[in-house]
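*Asks:* Predicted coordinates and the sequence they were generated for:
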Amino acid sequence: MKNAYVLTVVVFLVSTILFSWWFINKFGFDAKIGVATLKNIVIDRALLISIPVSVAYFCIHMLWLHEHNKWKLAISIVLILGTLYTVLAYFFLFHILIVSLFADPFVD
C-alpha cells in the first residue's frame, strides 16, 4: 500500500513536469519565460491536469492489485479512464480556455 502512494506521487510529479514542458514548447516558443510565467503555467495548467491523472493512476493501480476477475478489471479501468477524460475535458473547457482568453501566461 505504501508503494502505491509513492508511485502515485511519482506519477503526479512526472505528469506535472511533462505537461509544463509540453505547454511551454507548444505555446511559448518565442515568448520570454520567467519565474512568474513558470508559476502561471505550473499552477494554473499543469497541476490541474496532473491531479486527475494521479487519482486515476491510483485507482487503476489499486484495482490491478486487488481485482482478479479480468472482465471486472477491464470494465472498471474503462470507467475510470472515461471519468478521467470527462474531468480533463471539464478542466480544459472551463479553466484553460477561459483563463487563456483573459490572461497571457507568458507575461511576467
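*Replies:* It's in. Residues are numbered from 1 along each chain as shown.
*Asks:* ranges for the helices of the chain?
*Replies:* 2-27, 35-41, 47-66, 70-91, 97-102 (DSSP state H).
*Asks:* Contacts only, for the residue positioned nearest the centre of the chain.
*Replies:* By CA atoms, centre = their mean, the chain has its centre lying nearest to residue 50, at 2.2 Å. Taking CB atoms under 8 Å, 6 or more residues apart in numbering as the criterion, residue 50 is in contact with 12, 15, 16, 19. Glycine gets a C-beta too; all of them are placed from N, C-alpha and C.
*Asks:* Repeat the analysis, applying 10 Å as the threshold.
*Replies:* 11, 12, 13, 14, 15, 16, 17, 18, 19, 20, 42 (CB atoms under 10 Å, 6 or more residues apart in numbering).
*Asks:* By neighbour count, which of those residues wins?
*Replies:* Of all the contacts of residue 50, the most densely surrounded is residue 16 (21 neighbours; neighbours counted as other CB atoms under 10 Å).
*Asks:* Surely that residue is in contact with residue 38?
*Replies:* No. Using CB atoms under 10 Å, residue 16 makes no contact with residue 38, being 11.7 Å away.
*Asks:* if I look at these two, which residues touch both of them?
*Replies:* residue 46.
*Asks:* circling back: out of the helices of the chain, which is the most enclosed?
*Replies:* Looking across these with neighbours counted as mean count of other CB atoms under 10 Å, the highest average goes to helix 47-66: a mean of 17.
*Asks:* So for that one, mean pLDDT?
*Replies:* Helix 47-66 shows a mean pLDDT of 88 in the predicted model.
*Asks:* Many thanks, have a good one.
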